[in-house]
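Engineer: All I have is the shape, not the residue letters:
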């Protein structure tokens with residue numbers, strides 16, 4: 001466990017967040033639907049958002065590499081080299 005993980009495990013940060021009406025209604029519906037507290041719902045949402053953001057960045061990078069002729073040629077060369085070294 002890193003020092004940062006230790007700190008958050010025992011001294012969680014508190015944030016003040018302002019919600020507009022649609023966000024407030026959505027949060028209340030999630031609380032009622034899932035039986036968890038507002039803080040838990042918000043924590044899970046932030047973590048899920050960050051995960052989805054990272055996946056979107058990775059997809060964009062993959063698309064960029066796939067559409068780059070030089071990257072594609074290098075990838076094809078690596079694949080050909082790997083195939084030539086197969087044991088079976």
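Structural biologist: On my side now, so go ahead. Owing to the predicted nature of the structure, the values given are computational and were not obtained by experimental measurement. Residues are numbered from 1 along each chain as shown.
Engineer: any weak-confidence spans in this structure?
Structural biologist: For the chain, the stretches with pLDDT under 70 are 1, 4, 6-11.
Engineer: what helix or strand is the residue nearest the centre of the chain on?
Structural biologist: Centroid-nearest residue in the chain, with Cα atoms, centre = their mean: residue 51, separated by 1.1 Å. Residue 51 is part of helix 38-66, with elements assigned from DSSP states H and E.
Engineer: Could I get the buried residue list for that helix?
Structural biologist: Across helix 38-66, burial judged by 16 or more other Cβ atoms under 10 Å covers residue 41. C-beta here means a position set from N, CA and C on the backbone, and glycine is covered the same way.
Engineer: Please apply the same query to stretch 21-41.
Structural biologist: Using 16+ other Cβ under 10 Å as the test for burial, stretch 21-41 gives 27, 30, 41.
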